[in-house]
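Novice: For reference, the sequence and a predicted model appear below.
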Amino acid sequence: MPPLLDPRDRLIVALDLPDIGAAERLVERIGDAATFYKIGYRLAYAGGLAFAERLAAQGKKTFLDLKLHDIGNTVEEGVRSASDLGATFLTVHAYPQTMRAAVAGRGNGLKILAVTVLTSYDDADAAEAGYALPVAALVAQRARQAAEIGIDGIVCAAAEARAVRAQIGPAGLIVTPGIRPAGADLGDQKRVMTPGQARAAGIDHVVVGRPITGAADPRAVAERIVAEMA
Ligand code: C5P
C-alpha cells in the first residue's frame, strides 16, 4: 500500500457508542482532528454500515471491525458486498480458508486485516478451544500464513507487534488497540502502550476508544495522540 502521508491517518477512533446519533455527535466534535473511525459489532448492528458509507462520502476513512469467519463462499461474497461500502479496513479471523476467501472478494481499495488470536485468550483458553499451540506460537503461525496468503495487515496486541512484524515483513500493516496516552485511565486494558511507544514498536495504526469517546474534549485528546505519533 502507498505510504499514508497524513499523520492523522495513524489514529483510528473506535466508535464504541450506543447509537448513530451519539456517533454523529462525536465525529462532529472531533472535526478534522481525526480522519479514521472504527465501527464494531455494536454500531454495525444498529445502522452502522449505512453510517460508515456516509462517513466515507464525507472523506473519512472507515474500519469495519466485523471479524468475519464462515465458509469460504460466504466470506468471499460478504467481503465483496463490504467492498461497496467505501471502507478502508475490514477484519476477518485468521483462518487460512477464511483469509483466502477474503482476499478473493476484496475490491474497491478495501484492505483486509486478520485477527490472529483474540487478546482475551490465554494459553488455557486456547487449550480449552482445542488448540495444541500456546497463544504466542499460534499468533506467529497465523501472522505468517496471513502474509503468505496476501492479507494486507494484522490486528494484534501492542506487545505482540514485534513478533508479528518478524513474520509479515516490512510491507504488512500492524494495527493495535490497547493504546493509552500517558496518564490516561486504563479501563479494562491490561498491557498498554502509549502512542509514541506504539510508533517505536513499528505499529502503523493505533485504535483508541474510551480515552477519546469519554473525554471532556475529544478533539484535544485526538490531536495529542496524533502529535505523539507524528
Ligand atoms: O476503549 P478502548 O481504547 O479500550 O477501545 C479499544 C477498541 O479496540 C475497542 O473497540 C475494542 O473492542 C477493540 N479491541 C481491543 N482489544 C482487542 C481487539 C479489539 O481492545 N484485542
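Specialist: All right, it came through fine. Residues are numbered from 1 along each chain as shown.

Novice: Smallest gap between the chain and the ligand, at which residue?
Specialist: Residue nearest to the ligand within the chain (Cβ to the nearest ligand atom): Gly209, separated by 2.6 Å. The way it works is simple: take the backbone N, C-alpha and C, and place the C-beta from them, glycine included.

Novice: need the longest helix for the chain.
Specialist: helix 135-149 (DSSP state H).

Novice: re earlier: quick one: pLDDT of the nearest residue to the residue of the chain closest to the ligand once chain neighbours are set aside?
Specialist: Spatially, and ignoring its direct neighbours in sequence, Gly209 is nearest to Ala14 (3.5 Å; Cβ to Cβ, 6 or more residues apart in numbering). In this model, Ala14 is scored at 98, pLDDT.

Novice: Ile112 versus Ala14, what's the distance?
Specialist: 19 Å (Cβ to Cβ, to the nearest Å).

Novice: more neighbours, the two?
Specialist: A count of neighbours by other Cβ atoms under 10 Å puts Ile112 above the other of Ala14 and Ile112, at 25 against 20.

Novice: Assign the more buried one to helix, strand or coil.
Specialist: Assigned by DSSP: H, G, I helix; E, B strand; the rest coil, the conformation of Ile112 is strand.

Novice: tell me the contacts of the residue nearest to it when sequence neighbours are not counted?
Specialist: Closest residue in space to Ile112, ignoring its immediate chain neighbours: Ala102 at 4.6 Å, by Cβ to Cβ, 6+ apart. Ala102 sits next to Leu68, Val75, Glu76, Val79, Leu90, Val92, Ile112, Ile151 when contact means Cβ atoms under 8 Å, 6 or more residues apart in numbering.

Novice: nearest to Pro181, of the residues you listed?
Specialist: Leu90 (27.1 Å; Cβ to Cβ).

Novice: In contact with that closest one, which residues?
Specialist: Phe63, Leu64, Leu66, Leu68, Val79, Ala82, Ala102, Arg106, Leu110, Lys111, Ile112, Leu113.

Novice: and these as JSON lines, adding distance to the ligand and pLDDT?
Specialist: Putting those into JSON lines (distance: Cβ to the nearest ligand atom, whole Å; pLDDT from 0 to 100) gives the following:
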{"residue": "Phe63", "distance to the ligand": "10", "pLDDT": "98"}
{"residue": "Leu64", "distance to the ligand": "12", "pLDDT": "98"}
{"residue": "Leu66", "distance to the ligand": "12", "pLDDT": "98"}
{"residue": "Leu68", "distance to the ligand": "15", "pLDDT": "98"}
{"residue": "Val79", "distance to the ligand": "19", "pLDDT": "98"}
{"residue": "Ala82", "distance to the ligand": "18", "pLDDT": "96"}
{"residue": "Ala102", "distance to the ligand": "18", "pLDDT": "98"}
{"residue": "Arg106", "distance to the ligand": "21", "pLDDT": "98"}
{"residue": "Leu110", "distance to the ligand": "19", "pLDDT": "98"}
{"residue": "Lys111", "distance to the ligand": "17", "pLDDT": "98"}
{"residue": "Ile112", "distance to the ligand": "16", "pLDDT": "98"}
{"residue": "Leu113", "distance to the ligand": "11", "pLDDT": "98"}
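
Novice: quick check, nearest of the residues you listed to Leu133?
Specialist: For the contacts of Leu90, the nearest to Leu133 is Leu113 (21.5 Å; Cβ to Cβ).

Novice: which parts of the chain sit against the ligand?
Specialist: Residues of the chain found near the ligand (Cβ under 6 Å from any ligand atom) are 14, 16, 40, 118-119, 157, 177-178, 187, 189, 207-210.
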